[in-house]
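Undergrad: Kindly return the folded structure for what I paste below:
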Amino acid sequence: MKIFLSYASQDREPAQAIYLALRDQGHKVFFDRTDLPAGEEFHNRIRAAIEDSQLFLFLISPNAIDAGSYTLTELDIAEKANVRRLPVALGKLDVGQLPAVLKAVTFLESAGNLPAAVAAEVHRIAAVRRRRRLKYVCAAAAILAICGALFYAINGQSKNAVVGTDGAPAVLIPSGVFIMGDGEESPRREIFVDAFYLDKYEVTVARYAAFSKASGNVKLPQEWDTVDLTIAAELPVVGVDWQDAQSYCQWSGRRLPTEAEWEKAARGNDERKFPWGNDAPSDERARFLKAYENPVYKDGVAPVGSHPKGTSPFGIDDLSGNVWEWVADWFGESFPRADVRNPKGPNSGSARVLRGGGWYDPPERVTATKRMHAPPQHRDDSIGFRCARDAK
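TA: Purely as a prediction, here's the structure:
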């Protein structure tokens, strides 16, 4: 954040300590005015620096509010330029002596480490500013998405593209920032993901049968002996382990999505709880809460694409419910703070991540942030997958 640090020359020592604390946080601070030329150019450069700043940090002391102090001129410039102001008290204050513009703003006081207190408050202000900026970006992205949808509707075009040798339709997920995690299942954090394609539907029985035949794969999925291709072709395949899923995606010229990609596709840019929004799951939106005793390929899973009211913001089906979906990442409890651009999870582990919830899970397990994990060799009649591919 760009910060203008205003202080009286007699207060240079505490000002420098605050400057160093803010600089260590990565902020760009206008601090030292001793190298500026005198006269009109000095005033013009100060004015330009204040107007260009995002936060005006004013150190209050008797010297700073003295009638002849230039800091009051700086304060007046900041007020007229409508720059956010953070007054900081250097010691005890007589509020009655403060200029009216300072009385109208809450100022920061600290009986302990003042530079640390200032740095903490500036960090909070910067975080709020980032969240507001993200909301504006998300709102703009939502408008663009609506305009794009209208364009396709009017022009009779489809945003789906076939990107795999299996003929599966896929959806382009644009690059950009989104909020991953909800503070419960995983930490809430800002993540950037490059553009990629994600299958519109979970991989079906019919497509997996073609893969099995073409590859000569003898490791058939769990429940495969109950499959009747004449009636189960459009059901999602289940009972595959992580390597089965990865092998299929590689065979079809694709890969498994990362956990971050999967969550972006499910949540979009507005931190929704479910792919369709924040309303509770219903039978029209997702396949969930079915009796576990049901045969999986008869009364368990539903045909892919049969819940159009449950599609994600990008038009992807069944990201909540129907089957849990393998993703590429190894499971980890912690997330490196710096790993915010196309994160791929830990380098190794004992379990892979599963997302989305299955056909017999309760509503709280089919949210867009719910994380589960299982050993890569694990098979289950509620586990399937879908594939992804880079957009480059």
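
Undergrad: Would you agree residue 116 falls within a helix?
TA: Yes. Assessed with DSSP: H, G, I helix; E, B strand; the rest coil, residue 116 lies in a helix.

Undergrad: Residue 22 is in contact with that one, correct?
TA: No. Counting by CB atoms under 8 Å, residue 116 sits too far from residue 22 to count as a contact (10.8 Å). Bear in mind the C-beta positions are built from the backbone N, C-alpha and C, glycine included.

Undergrad: ok, the two, which is more surrounded?
TA: Using other CB atoms under 10 Å, the more surrounded residue of residue 116 and residue 22 is residue 22, with 23 against 13.

Undergrad: Leaving out chain neighbours, which residue sits closest to the more buried one?
TA: Closest residue to residue 22 apart from its sequence neighbours, by CB to CB, 6 or more residues apart in numbering: residue 29 at 5.1 Å.

Undergrad: For the one you found, name its beta-bridge partners.
TA: Judged by DSSP bridges, the bridge partners of residue 29 are residue 3.

Undergrad: what's it in contact with, if anything?
TA: Residues near residue 29 by CB atoms under 8 Å, 6 or more residues apart in numbering: 3, 4, 5, 19, 22, 23.

Undergrad: Apply 7 Å and report the result again.
TA: 3, 5, 19, 22, 23 (CB atoms under 7 Å, 6 or more residues apart in numbering).

Undergrad: and what of residue 60?
TA: Residue 60 neighbours (CB under 7 Å, 6+ apart): 87, 88, 89, 90, 93, 102, 107.

Undergrad: now it: how far from residue 319?
TA: Distance, residue 60 to residue 319, by CB to CB, to the nearest Å: 53 Å.

Undergrad: ok, now residue 391?
TA: Residue 391 sits 19 Å away from residue 319, going by CB to CB.

Undergrad: Please apply the same query to residue 36.
TA: Taking CB to CB, one finds residue 36 at 57 Å from residue 319.

Undergrad: Looking only at neighbour counts, state which of those two leads.
TA: Neighbour totals were compared for residue 36 and residue 319, and residue 319 leads with 28 against 14 (other CB under 10 Å).

Undergrad: Enumerate every residue touching the more buried one.
TA: 265, 266, 275, 312, 356, 368.

Undergrad: Backbone torsions only: list them for it.
TA: phi -80, psi -20 (degrees, to the nearest 10).

Undergrad: ok, now the one 5 residues further on?
TA: Comment: the main-chain dihedrals of residue 324 come out as phi -60, psi 150, following degrees, to the nearest 10.

Undergrad: Correct me if wrong: it contacts residue 356.
TA: Yes. Using CB atoms under 7 Å, residue 324 is in contact with residue 356, at 5.7 Å.

Undergrad: Look at those two and report which has more neighbours.
TA: Applying other CB under 10 Å to residue 324 and residue 356 shows that residue 356 carries more neighbours, namely 31 against 24.

Undergrad: Which residue ranges of the stretch 51-200 of the chain form strands?
TA: For the stretch 51-200 of the chain, the strands defined by DSSP state E, counting those that start in this stretch occupy 55-60, 85-89, 160-162, 169-173, 176-180, 189-193, 196-199.
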